[in-house]
Structure formats: C-alpha cells, structure tokens
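[1] Build the 3D model from these lines:
(chains A and B)
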Amino acid sequence: MLKLGCPACGAEIIFKSKVSVFGVCTYCSSMVVRHDLNLETLGKMAELPADMSPLQIGTRGKFENSAFEIVGRLKVRWEGGSWNEWYVLFENAKEGWLAEAQGSFMMSFSESNLSGVPRRETLEAGQTLKLLKNLEFHVDDIKEATCAGSEGELPMKCPKGRVSTSVDLSREGGEFACIDYSEDGVRLFTGKYVDLDELKLTGLREIDGW
Amino acid sequence: MAGETAPKAKVFNCPLCGSTVQIRVPGDTISVVCTSCKSVIDARDENHRILSEAASRLNVPQVIPLGQRGRIRGQLWEVIGFMTRMDVESYFVWSEYLLYNPMRGYRWLTEADGHWNYVLPLKDPPKNPKGESVLHMGRTYRLYHNGRATVQYVVGEFYWLVFVGETVATRDLICPPEMLSIEKSKTEITYSIGEYLSPDEVREGFKITTPMPVAIGVAPNQPDLLAGRVKELLKIWGLFLIAIMMIQFLSIVITGEKEVYSGGYSYDRTDPVKTKTSPSFELTGGETGVKIGLHAPVLNHWFESQMDLVNETTGDVDELELGVEYYEGRDDEGLWSEGSRYTSAILPAVPDGKYHLNLEGSSSMPDILYSITVKRGAIPMSNFLMALFLISIFPLLLIWRQKRFEMARWSQSDFSPYHVHKDEE
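    This is a model prediction of the structure:
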C-alpha cells in the first residue's frame, strides 16, 4: 500500500495496488496520475452518474476461494447504455475486473498473451477468433465506449471522456473475453459470469428497500 | 467510503404533459414511458427528450401495478415496466412485466390466456438454434410457434429503447415446464428461457387481491402434473398384473384338477328318452370349481348337450350347455380344418356333496356316441379376466387423459405431432 498526498488539497490518496497509476481524490475529486512517488493532477472528476449498483469501493468478497476488495471503478457509456468496470485487488496481489451490466456480473482477468488479437480495423461482429492457446471465441459485438467517470484507483489513465473500443466475445460454456482498444494500446481479458450470491460480498452499498 | 448518498429513484416532470415521471433504475434505464401521456422519454438525456408520442393515452389494465414488489421462487423483484405484445398473424395478445432486482438484474413475467411464465434472459445461448428441435443444457426443445411480435402498449422503464410498433421475429420451442424463446430484430438476436408458473404462485408472490385472469386451455409449456403420477401408477399397475397372473398360476398348480367321473353316452334322434342321467359321483375337497368336458367324434357336423349338475342333497341345479363342431376339407391351398371335437366349461365354487348330471343332447347327425368328464378343483378363467379388467380401467383412463392433455397443449401449434397437416382456411 502506498499513501501519497493529493497535490491539490493535501489529503491522503491511497494506492492499494502497485500497478495503479490513476486515482481520484476522495476529498477534492482531483484526478491524479502517479509517476512513481510523484502525483500529477489532471483537473477535477465530475460526479459519477447515478445508478443502482449494489457495489462500491471497499466492498469485499471471494472469488474461487481468493478474497478480493474493490478499489476502483470505471463507468463506461456507449450508444445503448452504460456499464461499470469495478477494479478488484486480490489478497495475492492479483488484479481483476468485475464488470456489471444490467444486473449481470462478470469477473475477468487481464491476459498477457495477445496472439490472435486482430487489429481494430479488421475486426467484425460474427467473426470467430482463435485466442490464447487456440481457443475459439465468437465476436458478439463491438461497442464504441466513452469513460463517463471514475473513482478510486485504476491501473490506467481514465479521465472522463476517454474513448475506447470494447469488443465482447463468447465461448461455449459461458466463458467470455473482452478486447479493449484505446490510445494506451490493446488489452485482452477473459473471464466468466458470476452470481453475486457466490461472491459472498460484504460492505455492499445499501439500496433503499432491497 | 466516497461519501456517496444511497441510490434512489430519479424523478422529473414529463416534458410533454408535465406529470411526474419516475426512474426506478437510474443508470440502466434507457427509455421511460410517462404513465400519464404514454410518451416515450429518453432516460439518458438530461433534458428528457421525447422519443415518441403515444397515439392513445388509454390505460391497458395490469394485473400487477408498476412499483409493486413480490417474490417469485423465493427471489424479490420489483415491477418496473409493462407492455402488451401481439402476434401479427394470429392477433394473439399477451402481457409482459419487466422485473428488476439490483443484485440479480432483469427478469420477465409474462401472462398469456391466464397462464404465467417466469422468464430469464439467456447469457449462454444454444449452439445450434435453428431447426425444429434445439438442444440446450441437455434438454431438447421442440418448435411450437414461429411468429412476429409487435409492441402494442408500453408503460414504465426499460433497459433499451422501446417504442410501440417495434416488431421482432419470434421462435418458441418447448420442453415443459420450460419454453425457449428466440427473438430476432434487425440488430440483434436474444434468447430467453421461460418457466411455467401456476397462477397461484404469481398471486401469492405479488399479493394480488384483484381477480387473476382465468387460465384458458393448456399452455404450450404447462407441465402435466399428473404425468409423473401416471408413471408411478403404471408401475403399480404392472406389479398388480404380475401379481394376479402369479395368483392364477399358483392356484392352478396348487389346487390341481382331479377326475371324479367319466362316462360314455349314446345319442339317437329317434330315442324316446331324451334325458340321460349319469351315475352319482362325490365332490370333495372344499368349494372349488368343477370342470365339465364334452367330447364327440363329429366330422362336418355338430353336437351339443344341455347339462344340469344336480346336487342330490339340496336339489340345487347348475345349468350349462356345451357344444362341439368340427369341419375339414380341401381347397386350392390344401387341407383345412375348423372347430374342435372337445370342449369344456367351468362351474365356479361348487360345494361338496353328492351329484349327478342330467344330459340332453341334440345334433346335426341322426346318432352319435359322446363322452363326458367331470373334474374337481378347476380354477375358472373368468375371475382372472374380471380382475384384469378392473385393475386396468383406471390406468387406461389416465393414459387417455394424458394424451388428451398433450393434444390440447399442441392444439395452437403449427408443429403439432398429433396432426399431419393443418386446415388451410
């Protein structure tokens, strides 16, 4: 864990993950970028659009017997709606993303093997891609996404308005993959759908009446 | 942690009619319909842009109102949207309630002809969804209906852009109690699995006090609740069949037949004494059956005899008639024969005592010799057949009922296995 002072207001900004480079000050909403031990401000983060998510920063749970904590959140908007990407940190320092879209939840992890990932221009919905060790994935849809805001700490710079192309892929048996094209490069994630009941979550946000 | 306020419904005024419009699921709701003027409003837009205005402000009655919370299969849901849709070819109309729970996402509750379905959008669609049968998660779904559904009426809020007149191609396949529905629009294909709910589950789950729509006929995926019982019953039936066959068999083996009398008689048409009387014989060993046999060496003729078994102590008489006929000849296919020279009948439960037989013959021949045998301990077949019949009535009726249920289920389908073609009217 790293504690650094906010360059704008002096409040403590905590980085729980070693790979986090981006954060939002809890007190003054300044966006900060971390350069080793120095923080650079990028201006203020606007208030996140309201939603009904039961998750929040600090929510803890268990995935496949490994405990995790939510440390950051990215809210993404596209033509057909919006979704949340919750940045989670596991006890073994592994990081993951818990995506939340219309009440469905998916846990995914970054893949370092990018073989088989095509260039953005050549990608089409309906295509079949061979990713990782020759696993066949079907390209379900391609979305042009915009960052609608973020909070907490994140492993990449995520100011509001950051654009990216998000590609959903699926495989038989409920496995899915996501390719993200942005100015920072190409990233590949694989994961699966999860039921919130399985995650044994604590520290959930209280939602009126639920 | 971020000092965030608890999420709550968003409220604003309809830009068209000024009525209060509520958004229960800010963030996920894309379009919301004003409950008053029925305009569809863009929920993402800060200025609440009107997407479409309604032709009519009339309310379509709902069984469950918007905002009502209830439990289905133990899970809590809130009704946030309602629409009616119509099949454009058959004009069949049904209702759909959109349910929401922040922890579980979205479900549907549909009502058609008083039958309810609990519908889950599928994340993992079937691999091969074409054709008249589709395999999904180890279950085979059979094609029931191909149609086109159009939105007729809509209120509440939705996670996509709704509009009246939106039409999709639909395919419904059944594997009771489930229905697999495939909807295809210009831009996407969606899959869902509906599970049949009894009207009582919906009424109790949502504490509905108004009358529920009356369930008409058999729904496509309505489970036959007796079907499981029928299987059990058929098993019991089978056991009973085996049991009574065993009883019949064992009775024959244990009791055994014992000859108590046999004798020969002559028949002569011109004989002035019509009735012949047998010597007396004793029946012992308890009240069992008596088998009386008749043999006459007829050839292309018949012989029959009226017989009275007379109890010499009580004077009780058991009457029976036995007849034999036997024919043979030769035709193109060779020798043929028909009939028999021997016949027998069983008198059930004859008490012990001293008996004799009175015999009165008649025949197509002027004279003939015949013989009579009397055996004690015979087991009549009639009891066995009666038992067989009695234990089979109920199972056969149930099998018939089950078939009727399946025929009713498929009566609204173009793909019914119970008729080869449909009338083209």
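[2] Could you list every helix and strand that the helix ranked longest in chain B packs against?
    Assignment by DSSP state H gives helix B:225-255 as the longest helix of chain B. In terms of contacts (3 or more CB pairs under 8 Å, 6 or more residues apart in numbering or on different chains; DSSP states H and E), helix B:225-255 is packed against helix B:381-409. In short, each C-beta sits where N, CA and C put it, glycine included.
[3] Which positions in the helix it packs on come out as buried?
    For helix B:381-409, burial by neighbour count (16 or more other CB atoms under 10 Å in any protein chain shown) applies to B:N383, B:F384, B:A387, B:P395, B:L398, B:Q402, B:F405, B:E406, B:R409.
[4] can you pull the pLDDT of the fifth one?
    pLDDT, the model's per-residue confidence, is 87 for B:L398.
[5] Apart from its chain neighbours, what residue comes closest to it?
    Of all residues not flanking B:L398 in the chain, B:V230 sits nearest, at 5.0 Å (CB to CB, 6 or more residues apart in numbering or on different chains).
[6] Spell out which parts of chain A neighbour chain B.
    A:26, A:49-54, A:56-58, A:80-82, A:102-104, A:141, A:151-152, A:170, A:172-174, A:193, A:196-197, A:205-210 (CB under 8 Å from any CB of the partner chain).
[7] Could you check which residue of chain A lies nearest chain B?
    Residue of chain A nearest chain B, by CB to the nearest CB: A:G103 (2.1 Å).
[8] what's the burial count for that residue?
    Neighbourhood size, A:G103 [other CB atoms under 10 Å in any protein chain shown]: 21.
[9] where in the stretch 151-300 of chain B is pLDDT low?
    Judged against pLDDT under 70, the stretch 151-300 of chain B has no low-scoring part.
[10] For it, which segments count as strands?
    All strands of the stretch 151-300 of chain B, identified by DSSP state E, counting those that start in this stretch, fall at B:167-175, B:178-184, B:189-197, B:258-268, B:275-277, B:281-283, B:288-295.
[11] Name every strand pairing with the third one and say which way it goes.
    In the sheet containing strand B:189-197, its partner strands are strand B:115-121 (antiparallel), strand B:178-184 (antiparallel), by DSSP bridges.
[12] got it, and the first one?
    When pairs are called by DSSP bridges, strand B:167-175 turns out to pair with strand B:139-158 (antiparallel), strand B:178-184 (antiparallel).
[13] Off-centre distance for the longest strand along chain A?
    For chain A, the strand with the greatest residue count under DSSP state E is strand A:135-154. Centroid displacement of strand A:135-154 relative to its chain, using CA atoms, centre = their mean, to the nearest Å, is 8 Å.
[14] go on, stretch A:42-61?
    On the basis of CA atoms, centre = their mean, stretch A:42-61 sits 12 Å off its chain's mean C-alpha point.
[15] who's in contact with the residue of the stretch 251-400 of chain B found nearest chain A?
    Per CB to the nearest CB, B:I399 is where the stretch 251-400 of chain B lies closest to chain A, at 39.8 Å. Applying CB atoms under 8 Å, 6 or more residues apart in numbering or on different chains to B:I399 gives the contacts B:V230, B:L234.
[16] I'd like the distance from it to B:S413, if you could.
    According to CB to CB, to the nearest Å, B:I399 and B:S413 sit 22 Å apart.
[17] Could you do B:W108 as well?
    Note on B:W108: its distance to B:S413, by CB to CB, is 22 Å.
[18] for B:P126, same thing?
    Here the criterion is CB to CB. By it, B:P126 lies 20 Å from B:S413.
[19] what does B:S39 give?
    Separation of B:S39 from B:S413 (CB to CB): 38 Å.
[20] again, but for B:L283
    66 Å.
[21] Then B:Y141?
    Separation of B:Y141 from B:S413 (CB to CB) stands at 13 Å.
[22] Skipping its backbone neighbours, what lies nearest A:V21 in space?
    For A:V21, ignoring the flanking residues on the chain, the nearest one in space by CB to CB, 6+ apart is A:R34 at 5.0 Å.
[23] Report all helices and strands that the lowest-mean-pLDDT helix or strand in chain A contacts.
    Least confident helix or strand of chain A, by mean pLDDT, DSSP states H and E, is strand A:38-44 with a mean of 86. Applying 3+ CB pairs under 8 Å, 6+ apart, one finds that strand A:38-44 contacts strand A:30-35.
[24] between the strand it packs on and strand A:38-44, how big is the angle?
    Going by axes from the mean of the first three to the mean of the last three CA atoms, to 10 degrees, strand A:30-35 is angled at 150 degrees with respect to strand A:38-44.
[25] Give me the average confidence score over strand A:30-35.
    What strand A:30-35 shows for mean pLDDT is 91.
[26] From the chain's centroid, how far away is that strand?
    That offset, for strand A:30-35, works out to 17 Å (CA atoms, centre = their mean).
[27] And the contacts of that strand?
    The contact list for strand A:30-35 (CB under 8 Å, 6+ apart) reads A:4, A:6-9, A:13, A:15, A:20-25, A:39-45, A:150, A:157, A:159.
[28] Stretch A:6-15 too?
    A:1-5, A:23, A:25-28, A:30, A:32, A:34, A:39-41, A:153.
[29] Need the residues that contact stretch A:192-206.
    Residues from elsewhere that reach stretch A:192-206, judged by CB under 8 Å, 6+ apart: A:53-56, A:58-63, A:98, A:104-108, A:174-176, B:4, B:6-7, B:103-104, B:123-124.
[30] distance between the ends of stretch B:271-281?
    With CA to CA, to the nearest Å as the measure, the ends of stretch B:271-281 fall 25 Å from one another.
[31] Next, the buried residues of that stretch.
    Residues of stretch B:271-281 classed as buried: B:K276, B:S278, B:F281 (neighbour count, 16+ other CB under 10 Å).
[32] ok so, going back, B:L283 and B:S413 - which one has more neighbours?
    With neighbours defined as other CB under 10 Å, B:L283 and B:S413 compare such that B:L283 has more, 22 against 19.
[33] Contacts only, for the closest residue to chain A within chain B.
    For chain B and chain A, the shortest gap (CB to the nearest CB) falls at B:G105, measuring 2.1 Å. For B:G105, the contact set (CB under 8 Å, 6+ apart) comprises A:Q102, A:G103, A:S104.
[34] Filter the residues you listed down to the ones in strands?
    A:S104.
[35] Spatially, what comes nearest to the residue sitting nearest the centre point of chain A if we skip its sequence neighbours?
    Here the mean C-alpha position of chain A is nearest to the C-alpha of A:E85 (CA atoms, centre = their mean), at a distance of 3.6 Å. What sits nearest to A:E85 in space, not counting adjacent residues and going by CB to CB, 6+ apart, is A:L74, at 4.2 Å.
[36] The one you found: which element?
    Applying DSSP states H and E as the criterion places A:L74 in strand A:66-78.
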